[in-house]
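[1] sequence? don't have it. structure:
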């Protein structure tokens with residue numbers, strides 16, 4: 001680093017700053033840098049679909065289709081439309097960064113794709129868009145162990161639904177009340193409310209006796225492959241509405257099969273339908289009857305582990321009815337796999353964020369931060385009449401932001417609006433502390449420059465511990481909704497005290513020599 005004819009020797013503290021910046025750039029952009037990648041990113045693959053069975057997985061990067069490069073989403077859409085426009089079975093080779101996928105089908109892969117992010121930074125709902133809900137039990141206050149159980153079951157259920165970019169975490173407010181925070185990118189409040197407002201309690205009963213419930217205790221597995229699960233038929237009613245019927249296989253545990261045998265051995269044969277027993281297998285979801293299935297006489301007293309579950313969907317068109325049946329089947333399969341939620345839930349707060357608002361905010365905040373730094377540098381130059389001091393302040397402030405973002409990327413921290421506010425607060429605190437360093441360096445000469453820097457640093461350390469103590473309660477304030485601000489601020493001021501502020505004092509020392 002050269003100022004005029006005087007060469008600045010890099011000290012140990014300056015080397016620490018340089019190494020921290022290098023690792024931060026690697027954490028943010030990856031190695032090789034993510035912005036050099038071309039193709040499209042696979043964001044979601046429908047489980048048990050043809051695409052999943054033939055090798056597509058989330059986070060793969062598709063670089064070409066049948067040898068033709070896919071540089072962006074438009075290329076991908078065009079090529080896929082061309083390949084599968086005939087409706088006939090075709091063989092298409094999808095090349096990813098890891099392997100080639102030989103895809104045989106008459107329809108496009110059931111996957112979602114997006115452009116490759118230029119950085120590895122993750123943005124929260126405030127910036128990426130989506131829905132967020134603060135949830136608790138309807139009839140009781142949950143302790144920390146109970147809320148963790150609720151978080152685990154809810155996470156499992158949302159994962160089974162095939163939802164990506166979901167975050168479920170326990171939070172607590174300052175009064176000690178426990179909540180579950182659910183954030184889903186790209187979802188609407190109605191979608192989120194539908195997924196969370198119902199307990200999802202599944203029961204199969206014969207008369208008043210429960211044969212089995214959803215969950216691992218009674219259900220060994222649920223079929224989702226095309227041979228034993230799917231939409232069977234669609235019919236139109238007299239009023240013009242369409243109904244589509246679905247059916248899938250369920251494999252019961254030995255205990256549930258024995259329970260069914262004990263209940264059915266006492267049933268008689270239906271006089272009107274002699275091929276069936278006198279009672280049906282009634283299916284209840286959240287205490288509402290959703291279907292009743294006939295029980296064949298061959299199952300009387302038999303401990304069978306495989307049964308067939310059916311249901312239906314409806315809609316004004318056959319396509320709508322088909323989709324409704326498909327969604328209903330998927331929901332029922334998921335509840336049978338995961339079991340019911342341990343509590344009836346109450347949504348305390350429900351928010352939605354537009355991704356357009358987040359993008360606009362990022363652009364505005366970058367312009368504002370750049371303008372603020374430039375204004376501060378000009379003021380410093382006017383006050384101290386040293387362009388080197390202004391440059392040192394700019395370099396240090398920008399380095400601090402880069403290191404904060406590097407740490408956030410490394411630990412997969414979602415940057416949301418409170419986190420951005422924390423970065424801005426860190427910038428302001430950092431500039432204040434750098435001004436203290438510069439003012440101390442200009443004080444009377446009765447102390448050496450090194451002694452003055454030590455005195456400035458003692459002031460900075462006092463302010464640091466005061467700020468950390470002030471931030472800690474905000475981690476839980478507002479049921480954790482200010483957690484991003486608190487943690488980002490703590491990270492920022494810690495980076496300042498350990499890395500950037502020592503480096504800045506060395507810069508000022510060199511400038512003052």
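    Done, it's in. For clarity, every value in this text was computed on a predicted model and none was experimentally measured. Numbering: from 1, shown residues only.
[2] Check whether residue 182 sits in a helix, strand or coil.
    Following DSSP: H, G, I helix; E, B strand; the rest coil, we place residue 182 in the strand state.
[3] Distance of it relative to residue 142?
    Applying Cβ to Cβ, to the nearest Å, the value for residue 182 to residue 142 is 15 Å. Placement of C-beta: from N, CA and C, glycine included.
[4] Comparing the two, which residue is more hemmed in?
    Neighbours were counted for residue 182 and for residue 142 using other Cβ atoms under 10 Å; residue 182 has more, 25 against 19.
[5] Check what pLDDT that one gets.
    Turning to residue 182, the model gives it a pLDDT of 84.
[6] cool, and the one 4 residues further on?
    With respect to pLDDT, residue 186 has a value of 57.
[7] Name the next helix or strand downstream of the longest helix along the chain, please.
    When the chain is parsed with DSSP state H, its longest helix is helix 355-384. Using DSSP states H and E, the helix or strand that follows helix 355-384 in sequence is helix 387-410.
[8] From residue 337, how far out is residue 150?
    17 Å.
[9] These two: who's more crowded?
    Counted by other Cβ under 10 Å, residue 150 and residue 337 do not tie: residue 150 has more neighbours, with 23 against 18.
[10] low-confidence ranges in the stretch 251-400 of the chain?
    Applying pLDDT under 70 to the stretch 251-400 of the chain picks out residues 338-342, 352-362, 384.
[11] run the last query once more with 80
    285-288, 290-291, 293, 309-311, 327-328, 330-345, 350-366, 368-370, 372-390, 393 (pLDDT under 80).
[12] what about residue 9, how many neighbours?
    Here the number of neighbours of residue 9 (other Cβ under 10 Å) works out to 8.
[13] Need the pLDDT of it.
    At residue 9, pLDDT is 72.
[14] quick check, it in a helix?
    No. Read with three-state DSSP, residue 9 is coil and lies in no helix.
[15] What sits closest to it if chain neighbours are left out?
    Distances taken as Cβ to Cβ, 6 or more residues apart in numbering put residue 510 closest to residue 9, at 7.5 Å, once the chain neighbours are dropped.
[16] Give me the distance between that neighbour and residue 497.
    20 Å.
[17] Give the helix, strand or coil label for the residue nearest to residue 9.
    helix.
[18] Could you report the pLDDT at it?
    Looking at residue 510, its pLDDT is 73.
[19] what's the neighbour count on it?
    Residue 510 has 19 nearby residues by other Cβ under 10 Å.
[20] Ok, residue 429 next?
    Using other Cβ under 10 Å, residue 429 is surrounded by 19 other residues.
[21] Let me know the angle separating the host helix or strand of it from helix 355-384.
    Element membership of residue 429, judged by DSSP H and E, is helix 417-441. Comparing the axes of helix 417-441 and helix 355-384 via axes from the mean of the first three to the mean of the last three Cα atoms, to 10 degrees yields an angle of 10 degrees.
[22] Could you chop the chain up by domain?
    For the chain, automatic domain parsing gives the domain ranges 2-31+355-512, 38-115, 130-198+348-352, 202-340.
[23] Residue 122 is nearest to which of those?
    domain 2-31+355-512 (5.0 Å; Cβ to Cβ).
[24] Count the neighbours of the closest residue to residue 278 other than its chain neighbours for me.
    Nearest residue to residue 278 in three dimensions, chain neighbours excluded: residue 268, at 4.6 Å (Cβ to Cβ, 6+ apart). Neighbours of residue 268 under the rule other Cβ under 10 Å: 10.
[25] I'd like the domains of the chain written out as TSV, with distance to residue 121 added.
    Below are the domains of the chain laid out as TSV (distance: least, Cβ to Cβ, whole Å):
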stretch	distance to residue 121
domain 2-31+355-512	5
domain 38-115	15
domain 130-198+348-352	14
domain 202-340	32
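[26] Nearest approach to residue 123 belongs to which of the ones you listed?
    domain 2-31+355-512 (5.3 Å).
[27] could you pull out the strands for the stretch 101-250 of the chain?
    Counting by DSSP state E, counting those that start in this stretch, one finds strands in the stretch 101-250 of the chain at the ranges 111-115, 122-123, 130-137, 166-172, 178-185, 202-206, 209-213, 219-222, 229-236, 242-252.
[28] Turn those into TSV, including distance to residue 404.
    Output for the strands of the stretch 101-250 of the chain, formatted as TSV (distance: least, Cβ to Cβ, whole Å):
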stretch	distance to residue 404
strand 111-115	25
strand 122-123	14
strand 130-137	23
strand 166-172	20
strand 178-185	21
strand 202-206	46
strand 209-213	48
strand 219-222	45
strand 229-236	48
strand 242-252	49
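[29] quick one: residue 55 and residue 99 touch, right?
    Yes. Shown here, residue 55 and residue 99 form a contact pair, counting by Cβ atoms under 8 Å, at 7.2 Å.
[30] Who has more neighbours out of the two?
    A direct count of neighbours by other Cβ under 10 Å for residue 55 and residue 99 places residue 55 higher, at 17 against 9.
[31] List the residues that contact that one.
    99, 101 (Cβ atoms under 8 Å, 6 or more residues apart in numbering).
[32] and if you look at residue 180?
    If you count contacts by Cβ under 8 Å, 6+ apart, residue 180 has them with 134, 135, 136, 147, 150, 151, 154, 168, 169, 170, 171.
[33] Contact partners for the residue nearest to residue 106 when sequence neighbours are not counted?
    Of all residues not flanking residue 106 in the chain, residue 89 sits nearest, at 4.8 Å (Cβ to Cβ, 6+ apart). By Cβ under 8 Å, 6+ apart, the contact list for residue 89 reads 104, 105, 106.
[34] Drop anything exposed from those.
    The neighbour count (16 or more other Cβ atoms under 10 Å) marks residue 105 as buried among the contacts of residue 89.
[35] Identify, from the contacts of residue 89, the entry nearest to residue 439.
    Checking these against residue 439 by Cβ to Cβ gives residue 105 as the nearest, at 70.4 Å.
[36] Distance of the nearest residue to the closest one once chain neighbours are set aside relative to residue 152?
    Leaving out its chain neighbours, the residue that sits closest to residue 105 by Cβ to Cβ, 6+ apart is residue 50, at 5.1 Å. Residue 50 sits at a distance of 31 Å from residue 152 (criterion: Cβ to Cβ).
[37] For those two, indicate the residue with more neighbours.
    Taking other Cβ under 10 Å, residue 50 and residue 152 do not tie; residue 50 has more neighbours (17 against 13).
[38] From what I see, the residue nearest to residue 9 and residue 10 are in contact.
    No. At 9.6 Å, residue 510 and residue 10 do not qualify as touching, with contact defined as Cβ under 8 Å.
[39] Can you report phi and psi for the residue nearest to residue 106?
    Main-chain torsions, residue 89, degrees, to the nearest 10: phi -60, psi 130.
[40] That's all I had, so thanks and see you.
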